[in-house]
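A.B. asks: build me a model:
(chains A and B, ligands or ions: 2)
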Amino acid sequence: MAILEHATRNMRAPAPAALLVCEHCDTVYRRRPLERGEVARCTRCGAELDRHRVLTTNALLALILTSMIVFVQANVWPIFTLGLNGQYRATTLWGMIDVMWQQDAQVVSVLAAATLFFFPMIKMLVMGWLLWFARAGRRAPGFAPLMVILHRIGPWTMSEVFVLGALVAIVKAHTFFDVAADPGIYAYGALTLLITIFSGVDMRQLWEQTPEPGA
Amino acid sequence: MNTLPRAVDLGVIGCQVCGLVCRNVPGDTQWGGDGVDDVMACPRCGSTLHRRKANSYARTWALLIAGFILYIPANVLPIMRTASLNDIDDNTIISGVVELWVKGSPDLAVIVFAASIVVPMLKFLALSMLLVSSQRGSDWARPQRAKLYRLVEFVGYWSMLDVFVVSLLTALVRFSVLSRVEPLPGVIFFGLTVVLTMLASISFDPRLIWDGRNTDD
Ligand SMILES: [Zn+2]
Ligand SMILES: [Zn+2]
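C.D. replies: Ligands and ions are numbered 1, 2, ... in the order given. Okay, the predicted model is just below:
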(Lines give C-alpha, C1' and ligand atoms only; values in the text may rest on other atoms or scores of the structure.)
(Ligands and ions follow the chains in the order given, each with its own letter.)
Protein backbone atom coordinates (compact mmCIF):
# COMPACT_ATOMS: atom_id res chain seq x y z
CA MET A 1 0.00 0.00 0.00
CA ALA A 2 2.58 2.52 1.02
CA ILE A 3 4.60 3.98 -1.78
CA LEU A 4 8.17 4.65 -0.81
CA GLU A 5 9.92 5.44 -4.01
CA HIS A 6 12.16 8.00 -5.51
CA ALA A 7 13.42 9.06 -8.87
CA THR A 8 16.50 7.34 -10.16
CA ARG A 9 20.04 8.80 -10.09
CA ASN A 10 21.87 10.25 -7.10
CA MET A 11 19.03 10.23 -4.70
CA ARG A 12 19.35 9.64 -1.04
CA ALA A 13 16.10 10.16 0.82
CA PRO A 14 12.99 8.72 -0.74
CA ALA A 15 9.97 10.97 -1.24
CA PRO A 16 7.54 10.91 1.65
CA ALA A 17 4.93 8.24 1.19
CA ALA A 18 1.32 8.98 0.48
CA LEU A 19 1.84 12.43 -0.92
CA LEU A 20 -0.39 13.70 -3.68
CA VAL A 21 0.60 16.36 -6.19
CA CYS A 22 -2.09 18.31 -8.03
CA GLU A 23 -1.44 17.75 -11.74
CA HIS A 24 -2.89 21.12 -12.64
CA CYS A 25 -0.97 23.43 -10.31
CA ASP A 26 1.74 21.38 -8.56
CA THR A 27 0.37 21.84 -5.04
CA VAL A 28 1.38 19.06 -2.67
CA TYR A 29 -1.14 17.35 -0.41
CA ARG A 30 -1.06 14.50 2.05
CA ARG A 31 -3.16 11.62 0.82
CA ARG A 32 -6.04 10.73 3.10
CA PRO A 33 -8.74 8.07 2.90
CA LEU A 34 -11.93 9.39 1.33
CA GLU A 35 -15.50 8.95 2.51
CA ARG A 36 -17.93 7.08 0.27
CA GLY A 37 -18.67 9.17 -2.80
CA GLU A 38 -16.29 11.92 -1.72
CA VAL A 39 -14.28 13.90 -4.25
CA ALA A 40 -11.14 15.70 -3.07
CA ARG A 41 -10.49 18.99 -4.88
CA CYS A 42 -7.38 21.13 -4.98
CA THR A 43 -7.89 24.23 -2.84
CA ARG A 44 -5.56 26.25 -5.04
CA CYS A 45 -6.86 25.55 -8.54
CA GLY A 46 -10.06 23.55 -8.02
CA ALA A 47 -8.99 20.50 -10.04
CA GLU A 48 -10.03 17.05 -8.91
CA LEU A 49 -7.32 15.39 -6.86
CA ASP A 50 -8.78 12.09 -5.83
CA ARG A 51 -12.14 10.44 -5.92
CA HIS A 52 -13.62 7.64 -3.90
CA ARG A 53 -14.34 4.79 -6.27
CA VAL A 54 -17.98 3.83 -5.88
CA LEU A 55 -17.82 0.80 -8.14
CA THR A 56 -16.05 -2.30 -6.89
CA THR A 57 -13.52 -4.00 -9.13
CA ASN A 58 -16.05 -6.73 -9.87
CA ALA A 59 -18.78 -4.25 -10.83
CA LEU A 60 -16.34 -2.36 -13.03
CA LEU A 61 -15.23 -5.56 -14.73
CA ALA A 62 -18.84 -6.51 -15.39
CA LEU A 63 -19.40 -3.07 -16.89
CA ILE A 64 -16.38 -3.45 -19.18
CA LEU A 65 -17.48 -6.90 -20.36
CA THR A 66 -20.96 -5.56 -21.12
CA SER A 67 -19.41 -2.66 -23.03
CA MET A 68 -17.35 -5.08 -25.11
CA ILE A 69 -20.45 -6.99 -26.18
CA VAL A 70 -22.30 -3.76 -26.99
CA PHE A 71 -19.23 -2.51 -28.84
CA VAL A 72 -19.20 -5.57 -31.10
CA GLN A 73 -22.89 -5.08 -31.83
CA ALA A 74 -22.43 -1.36 -32.49
CA ASN A 75 -19.76 -2.19 -35.05
CA VAL A 76 -21.41 -5.15 -36.75
CA TRP A 77 -24.97 -3.85 -37.01
CA PRO A 78 -25.88 -1.14 -39.52
CA ILE A 79 -26.36 2.31 -37.99
CA PHE A 80 -29.22 3.55 -40.11
CA THR A 81 -30.81 3.10 -43.53
CA LEU A 82 -31.69 5.68 -46.15
CA GLY A 83 -34.32 5.08 -48.79
CA LEU A 84 -34.92 6.88 -52.09
CA ASN A 85 -37.51 5.75 -54.64
CA GLY A 86 -37.45 2.21 -53.35
CA GLN A 87 -33.65 1.98 -53.25
CA TYR A 88 -32.13 1.44 -49.81
CA ARG A 89 -28.67 1.93 -48.36
CA ALA A 90 -27.43 1.11 -44.89
CA THR A 91 -23.96 1.46 -43.44
CA THR A 92 -21.91 0.17 -40.55
CA LEU A 93 -19.01 2.02 -38.98
CA TRP A 94 -16.52 0.10 -41.13
CA GLY A 95 -18.62 0.75 -44.22
CA MET A 96 -18.24 4.43 -43.49
CA ILE A 97 -14.49 4.16 -42.91
CA ASP A 98 -14.13 2.23 -46.18
CA VAL A 99 -16.16 4.72 -48.27
CA MET A 100 -14.23 7.71 -46.90
CA TRP A 101 -10.97 6.01 -47.87
CA GLN A 102 -12.20 5.43 -51.44
CA GLN A 103 -13.46 9.01 -51.67
CA ASP A 104 -9.94 10.38 -51.20
CA ALA A 105 -10.53 11.43 -47.62
CA GLN A 106 -7.99 8.97 -46.20
CA VAL A 107 -7.13 11.34 -43.36
CA VAL A 108 -10.74 11.31 -42.18
CA SER A 109 -10.93 7.57 -42.68
CA VAL A 110 -7.90 6.97 -40.47
CA LEU A 111 -9.16 9.42 -37.83
CA ALA A 112 -12.53 7.67 -37.69
CA ALA A 113 -10.95 4.21 -37.50
CA ALA A 114 -8.65 5.32 -34.67
CA THR A 115 -11.07 7.33 -32.52
CA LEU A 116 -14.18 5.19 -33.07
CA PHE A 117 -12.73 1.71 -33.35
CA PHE A 118 -9.12 1.09 -32.37
CA PHE A 119 -8.76 3.39 -29.35
CA PRO A 120 -12.09 2.47 -27.73
CA MET A 121 -11.33 -1.20 -28.36
CA ILE A 122 -7.83 -0.96 -26.90
CA LYS A 123 -9.21 0.94 -23.92
CA MET A 124 -11.80 -1.72 -23.13
CA LEU A 125 -9.44 -4.66 -23.68
CA VAL A 126 -6.72 -3.13 -21.52
CA MET A 127 -9.14 -2.16 -18.75
CA GLY A 128 -10.67 -5.65 -18.83
CA TRP A 129 -7.25 -7.30 -18.67
CA LEU A 130 -6.02 -5.12 -15.80
CA LEU A 131 -9.22 -5.48 -13.78
CA TRP A 132 -9.33 -9.25 -14.29
CA PHE A 133 -6.04 -9.55 -12.42
CA ALA A 134 -6.83 -6.75 -9.96
CA ARG A 135 -9.85 -8.80 -8.88
CA ALA A 136 -7.41 -11.34 -7.46
CA GLY A 137 -5.32 -8.53 -5.96
CA ARG A 138 -2.57 -8.95 -8.52
CA ARG A 139 -0.91 -6.87 -11.21
CA ALA A 140 -1.55 -8.16 -14.71
CA PRO A 141 1.40 -9.07 -16.95
CA GLY A 142 2.48 -5.84 -18.66
CA PHE A 143 0.78 -3.78 -15.96
CA ALA A 144 3.02 -0.67 -16.10
CA PRO A 145 3.15 -0.19 -19.90
CA LEU A 146 -0.56 -0.92 -20.21
CA MET A 147 -1.40 1.67 -17.56
CA VAL A 148 0.67 4.19 -19.52
CA ILE A 149 -1.16 3.31 -22.78
CA LEU A 150 -4.49 3.77 -21.00
CA HIS A 151 -3.40 7.21 -19.86
CA ARG A 152 -2.23 8.24 -23.34
CA ILE A 153 -5.28 7.16 -25.35
CA GLY A 154 -7.67 8.70 -22.80
CA PRO A 155 -8.57 11.87 -24.75
CA TRP A 156 -8.75 10.12 -28.15
CA THR A 157 -11.91 8.01 -27.91
CA MET A 158 -14.89 9.70 -29.53
CA SER A 159 -17.85 7.29 -29.60
CA GLU A 160 -20.12 9.82 -27.89
CA VAL A 161 -19.35 12.44 -30.54
CA PHE A 162 -20.20 9.89 -33.22
CA VAL A 163 -23.63 9.24 -31.69
CA LEU A 164 -24.44 12.94 -31.80
CA GLY A 165 -23.07 13.05 -35.37
CA ALA A 166 -25.40 10.20 -36.36
CA LEU A 167 -28.31 12.17 -34.93
CA VAL A 168 -27.38 15.25 -36.94
CA ALA A 169 -26.91 13.15 -40.09
CA ILE A 170 -30.36 11.57 -39.63
CA VAL A 171 -31.97 14.99 -39.32
CA LYS A 172 -30.09 16.32 -42.35
CA ALA A 173 -30.98 13.30 -44.50
CA HIS A 174 -34.59 13.36 -43.35
CA THR A 175 -35.47 16.21 -45.73
CA PHE A 176 -34.64 14.21 -48.86
CA PHE A 177 -34.80 10.54 -47.91
CA ASP A 178 -36.77 7.99 -45.96
CA VAL A 179 -34.73 7.38 -42.84
CA ALA A 180 -34.92 4.26 -40.68
CA ALA A 181 -32.86 3.85 -37.54
CA ASP A 182 -31.10 0.46 -37.36
CA PRO A 183 -30.02 -1.53 -34.28
CA GLY A 184 -26.47 -0.18 -34.56
CA ILE A 185 -27.52 3.29 -33.49
CA TYR A 186 -29.19 1.91 -30.34
CA ALA A 187 -26.11 -0.14 -29.55
CA TYR A 188 -24.08 3.04 -29.94
CA GLY A 189 -26.44 4.90 -27.62
CA ALA A 190 -26.05 2.20 -24.97
CA LEU A 191 -22.28 2.17 -25.48
CA THR A 192 -22.12 5.93 -24.90
CA LEU A 193 -23.95 5.50 -21.62
CA LEU A 194 -21.57 2.75 -20.49
CA ILE A 195 -18.52 4.73 -21.56
CA THR A 196 -19.74 7.75 -19.61
CA ILE A 197 -19.95 5.61 -16.48
CA PHE A 198 -16.53 4.00 -16.71
CA SER A 199 -14.65 7.00 -18.06
CA GLY A 200 -15.36 8.68 -14.71
CA VAL A 201 -13.40 5.91 -13.00
CA ASP A 202 -9.83 6.74 -12.10
CA MET A 203 -7.91 3.64 -13.16
CA ARG A 204 -4.75 5.06 -11.61
CA GLN A 205 -6.01 3.84 -8.25
CA LEU A 206 -4.89 0.40 -9.38
CA TRP A 207 -1.32 1.52 -8.75
CA GLU A 208 -2.13 1.77 -5.05
CA GLN A 209 -4.58 -1.10 -4.87
CA THR A 210 -2.31 -3.77 -6.25
CA PRO A 211 1.05 -4.65 -4.73
CA GLU A 212 4.34 -4.06 -6.54
CA PRO A 213 5.76 -7.28 -7.92
CA GLY A 214 8.30 -8.62 -5.46
CA ALA A 215 7.02 -6.32 -2.71
CA MET B 1 2.87 33.59 3.04
CA ASN B 2 1.18 30.94 1.06
CA THR B 3 0.42 27.91 3.16
CA LEU B 4 0.01 25.60 0.20
CA PRO B 5 3.42 24.12 -0.67
CA ARG B 6 4.16 23.36 -4.30
CA ALA B 7 6.14 20.39 -5.54
CA VAL B 8 8.93 22.62 -6.91
CA ASP B 9 9.38 24.18 -3.44
CA LEU B 10 9.54 20.81 -1.70
CA GLY B 11 11.89 19.28 -4.23
CA VAL B 12 9.48 16.59 -5.35
CA ILE B 13 7.88 15.78 -8.70
CA GLY B 14 4.46 14.26 -9.23
CA CYS B 15 4.42 11.81 -12.15
CA GLN B 16 1.85 13.09 -14.67
CA VAL B 17 1.12 9.58 -15.86
CA CYS B 18 0.76 7.46 -12.72
CA GLY B 19 0.65 10.05 -9.93
CA LEU B 20 3.65 8.78 -7.96
CA VAL B 21 5.45 11.48 -5.99
CA CYS B 22 9.20 11.29 -6.53
CA ARG B 23 12.07 13.15 -4.94
CA ASN B 24 13.80 15.60 -7.22
CA VAL B 25 17.48 15.45 -8.07
CA PRO B 26 19.28 17.64 -5.50
CA GLY B 27 20.91 20.76 -6.86
CA ASP B 28 18.93 20.67 -10.06
CA THR B 29 16.89 23.84 -9.85
CA GLN B 30 16.30 24.86 -13.44
CA TRP B 31 12.77 24.50 -14.57
CA GLY B 32 10.15 26.24 -16.63
CA GLY B 33 8.22 25.90 -19.85
CA ASP B 34 11.16 26.25 -22.15
CA GLY B 35 13.86 25.47 -19.66
CA VAL B 36 16.21 22.56 -19.53
CA ASP B 37 14.52 19.43 -18.38
CA ASP B 38 16.64 16.68 -16.96
CA VAL B 39 15.70 13.25 -18.12
CA MET B 40 14.48 11.18 -15.23
CA ALA B 41 12.23 8.19 -15.47
CA CYS B 42 9.42 7.48 -13.05
CA PRO B 43 10.47 4.40 -11.07
CA ARG B 44 6.92 3.07 -11.07
CA CYS B 45 5.59 3.50 -14.62
CA GLY B 46 8.75 4.34 -16.55
CA SER B 47 7.45 7.60 -18.04
CA THR B 48 9.72 10.59 -18.25
CA LEU B 49 9.30 12.91 -15.28
CA HIS B 50 8.92 16.59 -16.06
CA ARG B 51 8.69 19.33 -13.51
CA ARG B 52 7.00 21.11 -16.41
CA LYS B 53 6.11 19.49 -19.71
CA ALA B 54 9.07 19.73 -22.08
CA ASN B 55 9.09 22.90 -24.22
CA SER B 56 5.48 23.47 -23.33
CA TYR B 57 5.30 27.05 -24.63
CA ALA B 58 7.05 26.46 -27.95
CA ARG B 59 5.20 23.23 -28.63
CA THR B 60 1.78 24.58 -27.74
CA TRP B 61 2.29 27.75 -29.82
CA ALA B 62 3.47 25.73 -32.81
CA LEU B 63 0.52 23.32 -32.70
CA LEU B 64 -1.97 26.10 -32.07
CA ILE B 65 -0.69 28.22 -34.97
CA ALA B 66 -0.62 25.21 -37.29
CA GLY B 67 -4.18 24.40 -36.23
CA PHE B 68 -5.26 27.97 -36.90
CA ILE B 69 -3.67 27.99 -40.37
CA LEU B 70 -5.58 24.83 -41.29
CA TYR B 71 -8.76 26.24 -39.75
CA ILE B 72 -8.91 28.87 -42.52
CA PRO B 73 -9.29 26.43 -45.47
CA ALA B 74 -11.50 24.29 -43.20
CA ASN B 75 -14.00 27.14 -43.13
CA VAL B 76 -13.50 28.65 -46.57
CA LEU B 77 -13.45 25.43 -48.59
CA PRO B 78 -16.60 23.34 -48.89
CA ILE B 79 -16.66 20.21 -46.74
CA MET B 80 -19.32 18.27 -48.64
CA ARG B 81 -20.90 18.05 -52.10
CA THR B 82 -24.49 16.97 -52.62
CA ALA B 83 -25.05 16.00 -56.23
CA SER B 84 -28.41 15.05 -57.70
CA LEU B 85 -29.67 14.72 -61.29
CA ASN B 86 -29.90 18.39 -62.09
CA ASP B 87 -28.00 20.17 -59.41
CA ILE B 88 -24.74 20.27 -57.48
CA ASP B 89 -24.63 21.84 -54.05
CA ASP B 90 -21.40 22.45 -52.14
CA ASN B 91 -21.64 23.07 -48.40
CA THR B 92 -19.19 24.77 -46.09
CA ILE B 93 -19.37 24.36 -42.32
CA ILE B 94 -21.32 27.59 -41.95
CA SER B 95 -23.71 26.92 -44.82
CA GLY B 96 -24.39 23.50 -43.29
CA VAL B 97 -25.38 25.18 -40.03
CA VAL B 98 -27.59 27.69 -41.86
CA GLU B 99 -29.24 24.89 -43.80
CA LEU B 100 -30.07 22.99 -40.59
CA TRP B 101 -31.50 26.19 -39.14
CA VAL B 102 -33.80 27.03 -42.08
CA LYS B 103 -34.88 23.41 -42.64
CA GLY B 104 -36.48 23.47 -39.21
CA SER B 105 -33.89 22.09 -36.73
CA PRO B 106 -32.66 25.22 -34.96
CA ASP B 107 -31.69 23.20 -31.87
CA LEU B 108 -29.35 20.92 -33.83
CA ALA B 109 -28.07 23.94 -35.76
CA VAL B 110 -27.04 25.46 -32.44
CA ILE B 111 -25.26 22.24 -31.40
CA VAL B 112 -23.37 21.97 -34.69
CA PHE B 113 -22.52 25.68 -34.53
CA ALA B 114 -21.18 25.24 -30.99
CA ALA B 115 -19.10 22.18 -31.90
CA SER B 116 -17.71 23.42 -35.22
CA ILE B 117 -17.33 27.17 -34.67
CA VAL B 118 -17.52 28.07 -30.98
CA VAL B 119 -15.33 25.24 -29.63
CA PRO B 120 -12.43 25.75 -32.10
CA MET B 121 -12.54 29.54 -31.62
CA LEU B 122 -12.65 29.04 -27.84
CA LYS B 123 -9.58 26.83 -28.10
CA PHE B 124 -7.62 29.36 -30.17
CA LEU B 125 -8.53 32.31 -27.96
CA ALA B 126 -8.31 30.56 -24.60
CA LEU B 127 -5.00 28.79 -25.27
CA SER B 128 -3.42 31.96 -26.73
CA MET B 129 -4.54 33.91 -23.68
CA LEU B 130 -3.25 31.20 -21.32
CA LEU B 131 0.08 31.09 -23.15
CA VAL B 132 0.58 34.87 -23.15
CA SER B 133 -0.47 35.39 -19.53
CA SER B 134 1.62 32.45 -18.27
CA GLN B 135 4.67 33.50 -20.27
CA ARG B 136 4.42 36.94 -18.70
CA GLY B 137 4.14 35.32 -15.26
CA SER B 138 0.87 37.10 -14.64
CA ASP B 139 -1.07 36.32 -11.47
CA TRP B 140 -4.29 37.70 -12.94
CA ALA B 141 -7.41 35.54 -12.39
CA ARG B 142 -5.42 32.35 -11.85
CA PRO B 143 -8.27 30.16 -10.57
CA GLN B 144 -10.43 31.25 -13.51
CA ARG B 145 -7.64 30.60 -15.98
CA ALA B 146 -7.13 27.14 -14.48
CA LYS B 147 -10.84 26.48 -14.89
CA LEU B 148 -10.77 27.74 -18.49
CA TYR B 149 -7.99 25.29 -19.31
CA ARG B 150 -9.98 22.39 -17.89
CA LEU B 151 -12.99 23.50 -19.96
CA VAL B 152 -10.89 23.54 -23.14
CA GLU B 153 -9.60 20.05 -22.37
CA PHE B 154 -13.11 18.81 -21.68
CA VAL B 155 -14.95 20.14 -24.77
CA GLY B 156 -12.08 19.91 -27.28
CA TYR B 157 -12.95 16.65 -28.99
CA TRP B 158 -16.60 17.52 -29.65
CA SER B 159 -15.42 19.54 -32.67
CA MET B 160 -15.09 16.26 -34.54
CA LEU B 161 -18.89 16.25 -34.87
CA ASP B 162 -19.09 17.66 -38.40
CA VAL B 163 -16.40 15.30 -39.64
CA PHE B 164 -18.51 12.33 -38.57
CA VAL B 165 -21.68 13.85 -40.05
CA VAL B 166 -20.02 14.24 -43.46
CA SER B 167 -18.58 10.70 -43.25
CA LEU B 168 -21.94 9.14 -42.44
CA LEU B 169 -23.76 11.03 -45.19
CA THR B 170 -21.05 10.10 -47.68
CA ALA B 171 -21.41 6.43 -46.79
CA LEU B 172 -25.20 6.48 -47.00
CA VAL B 173 -26.15 8.84 -49.79
CA ARG B 174 -24.94 6.80 -52.73
CA PHE B 175 -27.91 6.37 -55.03
CA SER B 176 -26.06 6.18 -58.38
CA VAL B 177 -26.79 9.34 -60.39
CA LEU B 178 -29.95 10.24 -58.49
CA SER B 179 -28.26 11.49 -55.39
CA ARG B 180 -24.73 11.35 -54.05
CA VAL B 181 -22.76 12.95 -51.26
CA GLU B 182 -18.99 13.34 -51.58
CA PRO B 183 -16.49 14.68 -49.06
CA LEU B 184 -14.58 17.80 -50.16
CA PRO B 185 -11.15 18.98 -48.94
CA GLY B 186 -12.60 21.29 -46.26
CA VAL B 187 -13.50 18.30 -44.11
CA ILE B 188 -9.91 17.00 -44.18
CA PHE B 189 -8.57 20.39 -43.08
CA PHE B 190 -11.18 20.52 -40.38
CA GLY B 191 -10.31 17.06 -39.05
CA LEU B 192 -6.63 18.04 -38.93
CA THR B 193 -7.50 21.29 -37.12
CA VAL B 194 -9.29 19.32 -34.42
CA VAL B 195 -6.34 16.96 -33.97
CA LEU B 196 -3.80 19.82 -33.84
CA THR B 197 -5.79 21.87 -31.33
CA MET B 198 -6.26 18.78 -29.15
CA LEU B 199 -2.52 18.16 -29.25
CA ALA B 200 -1.97 21.84 -28.41
CA SER B 201 -4.13 21.67 -25.31
CA ILE B 202 -2.42 18.43 -24.25
CA SER B 203 1.04 19.98 -24.61
CA PHE B 204 0.15 23.05 -22.57
CA ASP B 205 1.19 22.57 -18.96
CA PRO B 206 -1.44 24.09 -16.63
CA ARG B 207 1.13 24.25 -13.81
CA LEU B 208 2.72 27.15 -15.71
CA ILE B 209 -0.34 29.26 -14.85
CA TRP B 210 0.79 29.17 -11.21
CA ASP B 211 4.48 29.83 -11.79
CA GLY B 212 6.01 33.28 -11.88
CA ARG B 213 5.21 36.33 -9.82
CA ASN B 214 3.05 36.11 -6.73
CA THR B 215 1.55 39.29 -5.39
CA ASP B 216 -1.05 37.61 -3.26
CA ASP B 217 1.33 35.78 -0.95
ZN1 LIG C 1 -4.35 22.27 -8.11
ZN1 LIG D 1 4.86 7.34 -13.11
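A.B. asks: can you list contacts of the helix ranked longest in chain B?
C.D. replies: Looking across chain B with DSSP state H, the single longest helix is helix B:56-76. With C-beta atoms under 8 Å, 6 or more residues apart in numbering or on different chains as the test, helix B:56-76 has contacts from B:33-34, B:53, B:92-94, B:120, B:123-124, B:127-128, B:131, B:134-135, B:185-187, B:189-190, B:192-193, B:196-197, B:199-201, B:203-205, B:208. Bear in mind the C-beta positions are built from the backbone N, C-alpha and C, glycine included.
A.B. asks: for the strand or helix carrying residue B:108, the distance to its chain's centre please.
C.D. replies: Per DSSP states H and E: residue B:108 is located in helix B:106-113. Once both centres are worked out by C-alpha atoms, centre = their mean, to the nearest Å, helix B:106-113 turns out to sit 21 Å from its chain's centre.
A.B. asks: repeat for stretch A:193-203
C.D. replies: So, by C-alpha atoms, centre = their mean, the centroid of stretch A:193-203 is 7 Å from its chain's centroid.
A.B. asks: list the buried residues for that stretch?
C.D. replies: Counting neighbours by 16 or more other C-beta atoms under 10 Å in any protein chain shown, one finds that the buried residues in stretch A:193-203 are A:194-195, A:198, A:201, A:203.
A.B. asks: now the helix or strand encompassing residue A:88: mean pLDDT?
C.D. replies: Here residue A:88 sits within strand A:87-91, counting by DSSP H and E. Throughout strand A:87-91, pLDDT has a mean value of 90.
A.B. asks: if we can go back for a sec, and the helix holding residue B:108, is it in reach of chain A?
C.D. replies: Yes. Shown here: helix B:106-113 in contact with chain A (C-beta under 8 Å from any C-beta of the partner chain) through B:108, B:111-112.
A.B. asks: helices or strands next to the lowest-mean-pLDDT helix or strand in chain B in the packing?
C.D. replies: Ranking every helix and strand in chain B by mean pLDDT, DSSP states H and E puts strand B:40-41 at the bottom, with a mean of 80. Packing contacts for strand B:40-41, counted by 3 or more C-beta pairs under 8 Å, 6 or more residues apart in numbering or on different chains; DSSP states H and E, involve strand B:48-49.
A.B. asks: could you pull out the helices in the chain for me?
C.D. replies: All of this is about chain A. A:57-76, A:93-102, A:106-112, A:119-134, A:143-153, A:159-174, A:183-199, A:205-209.
A.B. asks: chain B, not that one
C.D. replies: B:7-10, B:56-76, B:93-102, B:106-113, B:119-135, B:142-155, B:161-172, B:185-203.
A.B. asks: quick revisit: report the angle between the longest helix of chain B and helix B:185-203.
C.D. replies: Going by axes from the mean of the first three to the mean of the last three C-alpha atoms, to 10 degrees, helix B:56-76 is angled at 160 degrees with respect to helix B:185-203.
A.B. asks: which of the residues in helix B:56-76 are buried?
C.D. replies: Quick answer for helix B:56-76 (16+ other C-beta under 10 Å): B:56-57, B:59-61, B:63-64, B:66-68, B:70-71, B:74-75.
A.B. asks: residues contacting residue B:191?
C.D. replies: So residue B:191 contacts A:107-108, A:111, B:160, B:163 (C-beta under 8 Å, 6+ apart).
A.B. asks: now do the domain split for chain A, please.
C.D. replies: A:5-51, A:57-209 (automatic domain parsing).
A.B. asks: narrow the contacts of helix B:56-76 to just the buried residues.
C.D. replies: Buried members of the contacts of helix B:56-76, counted by 16+ other C-beta under 10 Å: B:33, B:53, B:92-93, B:120, B:123-124, B:127-128, B:131, B:134, B:186-187, B:189-190, B:192-193, B:196-197, B:199-201, B:203-205, B:208.
A.B. asks: what about stretch B:133-148 and chain A, touching?
C.D. replies: Yes. Using C-beta under 8 Å from any C-beta, stretch B:133-148 comes into contact with chain A via B:142-143, B:146-147.
A.B. asks: farthest pair within the residues you listed?
C.D. replies: The widest separation within the residues of stretch B:133-148 next to chain A, taken as C-beta to C-beta, falls between B:142 and B:147 and amounts to 9.7 Å.
A.B. asks: of those two, which one has the most company?
C.D. replies: residue B:142 (19 against 15; other C-beta atoms under 10 Å in any protein chain shown).
A.B. asks: might one say that the more buried one is in contact with residue B:209?
C.D. replies: Yes. Between residue B:142 and residue B:209 a contact is recorded at 5.8 Å, counting by C-beta atoms under 8 Å.
A.B. asks: between those two, what contacts are shared?
C.D. replies: Counting by C-beta under 8 Å, 6+ apart, the residues touching both residue B:142 and residue B:209 are residue A:45.
A.B. asks: separation between the residue of chain B found nearest chain A and residue A:24?
C.D. replies: Closest to chain A within chain B is residue B:14: 2.7 Å, counting by C-beta to the nearest C-beta. Here residue B:14 is placed at a distance of 11 Å from residue A:24 (C-beta to C-beta, to the nearest Å).
A.B. asks: what does residue A:110 give?
C.D. replies: Counting by C-beta to C-beta - residue A:110 and residue A:24 are separated by 32 Å.
A.B. asks: shaky segments in the chain?
C.D. replies: All of this refers to chain A. Chain A contains residues with pLDDT under 70 at A:1-17, A:214-215.
A.B. asks: other chain: chain B
C.D. replies: Using pLDDT under 70, the flagged stretches of chain B are B:1-3, B:24-39, B:213-217.
A.B. asks: what residue spans form the domains of it?
C.D. replies: B:1-51, B:55-210.
A.B. asks: list phi and psi for the residue sitting furthest away from the middle of chain A.
C.D. replies: In chain A, counting by C-alpha atoms, centre = their mean, residue A:85 sits farthest out from the average C-alpha position, at 41.1 Å. When read as degrees, to the nearest 10, the backbone of residue A:85 gives phi 50, psi 50.
A.B. asks: right, and it touches residue B:178 too?
C.D. replies: Yes. Judged on C-beta under 8 Å, residue A:85 makes contact with residue B:178 at a distance of 7.0 Å.
A.B. asks: which residue sits closest to the residue in chain B that ligand 1 sits nearest to, ignoring its sequence neighbours?
C.D. replies: Here chain B gets closest to ligand 1 at one residue, residue B:146, 7.1 Å apart by C-beta to the ion. Distance criterion C-beta to C-beta, 6 or more residues apart in numbering or on different chains; nearest residue to residue B:146, sequence neighbours excluded, is residue A:45 at 4.0 Å.
A.B. asks: please apply the same query to residue A:180.
C.D. replies: Residue A:180 sits nearest to residue A:81 (C-beta to C-beta, 6+ apart), 4.5 Å away.
A.B. asks: ok, the one you found to residue A:183 distance?
C.D. replies: Counting by C-beta to C-beta - residue A:81 and residue A:183 are separated by 11 Å.
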